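[1] sequence plus predicted model, see below.
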Amino acid sequence: MSDKFTTQSFLDAKKNNRKITMLTGYDYSMAQILDGCGIDAILVGDSLGMVVQGKDSTVEVTIEEMLYHCKCVARGAKNALLVGDMPFLTYHVSAEEAVRNAGRFIQEAKMNAVKLEGGRSMADTVRAIVRAQIPVMGHIGLTPQSVNVFGGFKVQGKEERAARALVEDAQALEEAGAFAVVLEAVPEPLARLITEKVQIPTIGIGAGRYCDGQVLVVNDLLGMYADFTPKFARRYANLKSTIAEAVGGYIGDVRAQKFPEKQHTFSMSDEVLEKLY
Ligand SMILES: Nc1nc(=O)c2c([nH]1)NC[C@@H]1CN(c3ccc(C(=O)N[C@@H](CCC(=O)O)C(=O)O)cc3)CN21
Ligand SMILES: CC(C)C(=O)C(=O)O
Ligand SMILES: [Mg+2]
């Protein structure tokens, strides 16, 4: 039996009350490590615009950049379900364009599914992509590609109107055929209500304890993104200080001529060497 985690596994997990684990990943080495740890899904998130490229938001990330990272991740992962995050403006103009772009994630970059931001307004687009046999993960709440509309990265759904809208968004995505939905930065009780109201699994990030699964930006979990740590992230390691220690050791050793040593070097025959002098 294959250990590959599939979109069907997502639905089974919710039925069996087994929490789903997802992390972002942006390159081959990290994908290999995460996959080896038994993570259920790897999201090649457009958050790479911030944590890899150092930009202020995700809106500048292009589809070519996303596909490059997806290809790297796909080479490193065997069992995890691979989800490619569709970047800003690659699914908004028309359903046709959305299907073509979603297809590139599957066909060129070996992803198993795509994720896109938006609820009711994206339902027809989700339907079109699903009709093309491409699994779609929804994403509502704090949708970072809307940063210029929100006026910042802010918690969503605190007022009645906004909360009702998010419930309807989740239901519209389910009805459109999405296999799961990310809830980002919404109050815990609202995430709980949405999780009860839909049959598809909810994957929370800053959405509390009652979602069917959790996702985090891997750099936040590892403590290797210095700009900010969202309130909802837990640091399981401080790789920034681990790296600083290692690099400090290297700098000191090179300056003190303690590295490299003989075992790190290549030799050549004296006969050849004599001719050079
Ligand atoms: N490293 C990283 N982690 C993320 O979780 C993440 C990204 N980057 N980039 C894309 C989006 C943007 N996200 C963000 C960005 C900022 C906050 C933040 O500063 N939140 C504040 C308060 C928010 C408010 O004012 O309501 C916090 O204290 O968590 C949260 C999520 C989540 N995503
Ligand atoms: C934080 C997750 C859900 C995301 O969309 C990303 O990493 O881009
Ligand atoms: Mg994203």
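    Now that the structure is in, tell me what you want to look at. Ligands and ions are numbered 1, 2, ... in the order given.

[2] please make it C-alpha for all contacts and neighbour counts, starting now.
    Will do.

[3] and the stretch 1-150 of the chain, which of its residues are near ligand 2?
    Counting by C-alpha under 6 Å from any ligand atom, the positions of the stretch 1-150 of the chain adjacent to ligand 2 are 24, 45, 46, 47.

[4] so the second one sits right up against residue 25, yeah?
    Yes - assessed by C-alpha atoms under 8 Å, residue 45 is found in contact with residue 25 at 7.3 Å.

[5] counting neighbours, what do you get for the residue in the stretch 51-200 of the chain positioned nearest to ligand 3?
    Relative to ligand 3, the nearest point of the stretch 51-200 of the chain is residue 85 (5.8 Å; C-alpha to the ion). By the measure other C-alpha atoms under 10 Å, the count of residues near residue 85 is 26.

[6] mind listing the strands for the stretch 151-277 of the chain?
    Here the stretch 151-277 of the chain has its strands, by DSSP state E, counting those that start in this stretch, at 180-184, 202-205, 213-216.

[7] got those strands as JSON lines, with distance to residue 257 columns?
    Below are the strands of the stretch 151-277 of the chain laid out as JSON lines (distance: least, C-alpha to C-alpha, whole Å):
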{"stretch": "strand 180-184", "distance to residue 257": "50"}
{"stretch": "strand 202-205", "distance to residue 257": "47"}
{"stretch": "strand 213-216", "distance to residue 257": "41"}
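
[8] show me the one of those strands that comes nearest residue 265.
    Residue 265 lies closest to strand 213-216 among the strands of the stretch 151-277 of the chain, at 41.6 Å (C-alpha to C-alpha).

[9] can you list contacts of that closest one?
    Here strand 213-216 makes contact (C-alpha atoms under 8 Å, 6 or more residues apart in numbering) with 19, 20, 21, 22, 23, 24, 201, 202, 203, 204, 205, 233.

[10] tell me the contacts of the first one?
    The one in question is residue 19. 13, 212, 213, 214.

[11] between the residues you listed, which sits nearest ligand 2?
    Nearest to ligand 2 among those: residue 214, at 9.3 Å, using C-alpha to the nearest ligand atom.

[12] tell me how many other residues crowd the closest one.
    Neighbours around residue 214, by other C-alpha under 10 Å: 21.

[13] any idea how far ligand 1 is from residue 159?
    Counting by C-alpha to the nearest ligand atom, to the nearest Å, the separation of residue 159 from ligand 1 is 13 Å.

[14] ranking by neighbours, what's the top pick from the residues of the stretch 1-150 of the chain next to ligand 2?
    Counting neighbours by other C-alpha under 10 Å, residue 46 leads these with 28 neighbours.

[15] my read is that that one contacts residue 86, right?
    Yes - with contact defined as C-alpha under 8 Å, residue 46 reaches residue 86; the gap is 7.4 Å.

[16] need the overlap of contacts for those two.
    Listed as contacting both residue 46 and residue 86 by C-alpha under 8 Å, 6+ apart are residue 66.

[17] returning to that earlier point: would you turn the contacts of strand 213-216 into a markdown table with pLDDT?
    Output for those, formatted as a markdown table (pLDDT from 0 to 100):
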| residue | pLDDT |
| --- | --- |
| 19 | 98 |
| 20 | 98 |
| 21 | 98 |
| 22 | 99 |
| 23 | 99 |
| 24 | 98 |
| 201 | 98 |
| 202 | 98 |
| 203 | 99 |
| 204 | 98 |
| 205 | 98 |
| 233 | 96 |
